[in-house]
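>>> I'll drop the sequence and a predicted model, then ask my questions.
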Amino acid sequence: MKQSTFTLPSSRRVGVTEYGNRDAKHTIVFAHPAPGSSFFDPAPKATAPRDLRVIALDRPGYGPSELLNGGAATVARAAEDIADYLVAQNIEKVGIAGWSAGGRIALAFAAAHPELVDRVAVIATPAPDDEVPWVGDVNRAMLQPLKRLSAEEATAALTATFDGVFTDHPNPEDSIATLATPEVDAESLKAARKRLLAMLERAFEQGNAGMAADIVSYTLLDLGFDLADVKAKTLLIYGAQDALIGQAHASWYKDHLSDARIEMNPQAGHLAIVPAWERVLSHLAPGSKAR
């Protein structure tokens, strides 16, 4: 896995991870969860046999990616960062996948750039909380006062709150449980643990800034895109044992997308990305597997 930085046309720096074959016919983009970073291959044994170039970008505040406008970030802006990188690489067509919070980025990118995207995979991504409640009363109460602040101020305030709860340099071991459903995902967690910890290690290079910016972007700000603009064939993969982000979320997205199908993994929880990665790759890059 090759890590680098890329300077956007705005002069802001973002972190990039690439793996696979740079000269492959198929390119896919992977958008990480929150907390998370670009440094993650969900299932290397599924990736390796395919002739693929995989690209992932760190969102603002994660890894080496600089915060935007003093701390504000938006889902739409994260999608545009991807577009800027692909243009610089002369890449004309991709499939894009997003896990959890990353699914919003994938959909925003597909909505804004239908000419670049032929297929989308969304894995365990929450629907908007006002449509399918999932944030919880305690978290809503914590976020409520932030609505009176600017996005930059809200991000700074939320970062300070997280610093007090998790310390200003969170331990990846303490955060890994947020990405999985206890007991249900035990086997997948065991298989992917080292990779998840490496992803989180990079995620917290700037402390809690990335997680705070992410949460502000999808709870307090307008997402900045319309699902009706997503024309690419979309696969919605969710874990049937995910008690928080399950069937109701998958159904909400299917109802709002023009060309989508749901696949529920009966044995998976929120870490559905690990057992689903082979299916994701076959959807995004058909014909890429060596015969």
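Looks like it arrived, so ask away.

>>> in the lengthiest helix in the chain, what counts as buried?
Using DSSP state H, we find that the single longest helix of the chain is helix 186-203. In terms of neighbour count (16 or more other CB atoms under 10 Å), helix 186-203 has its buried residues at Ser188, Leu189, Ala191, Ala192, Arg195, Leu196, Ala198, Met199, Leu200, Arg202, Ala203. Heads up, the C-betas are built off the backbone N, CA and C, glycines and all.

>>> count of neighbours near the residue nearest to the last one when sequence neighbours are not counted?
The reference is to Ala203. Leaving aside its sequence neighbours, Ala203 sits nearest to Ser37 (CB to CB, 6 or more residues apart in numbering; 4.1 Å). Residue neighbour count, defined by other CB atoms under 10 Å, stands at 27 for Ser37.

>>> what segments of the protein are strands?
2-7, 13-20, 26-31, 52-57, 94-99, 117-123, 233-239, 260-265 (DSSP state E).

>>> tell me, what residue is most central in the chain?
Gly102 (1.8 Å; CA atoms, centre = their mean).

>>> quick one: that one and Pro145, what's the gap?
27 Å (CB to CB, to the nearest Å).

>>> cool, Leu257 as well?
From Leu257 over to Pro145 the distance is 34 Å, taken as CB to CB.

>>> more crowded one of those two?
Between Leu257 and Pro145, Leu257 has the larger neighbour count (other CB under 10 Å), namely 21 against 10.

>>> residue contacts, that one?
With contact taken as CB atoms under 8 Å, 6 or more residues apart in numbering, Leu257 is in contact with Leu227, Val230, Thr234.

>>> surely the second one is in contact with Ala111?
So the one you mean is Val230. Yes: contact status for Val230 versus Ala111: in contact at 4.9 Å, counting by CB atoms under 8 Å.

>>> those two - which one has more neighbours?
Ranked by neighbour count (other CB under 10 Å), Val230 and Ala111 place Val230 first, with 26 against 22.

>>> find me the pLDDT at the more buried one, would you?
Val230 carries a pLDDT value of 98.

>>> could I get the contacting residues of it?
Per CB under 8 Å, 6+ apart, neighbours of Val230: Leu107, Ala110, Ala111, Pro114, Val120, Leu257, Ser258.

>>> and the pLDDT at the last one?
Per-residue confidence for Ser258 comes out at a pLDDT of 96.

>>> now do the second one
On pLDDT, Ala110 comes in at 98.

>>> surely it meets Ile96?
Yes: with contact defined as CB under 8 Å, Ala110 counts as touching Ile96 (6.4 Å).

>>> overlap in contacts, those two.
Val117, Val120.

>>> alright, calling it a day.
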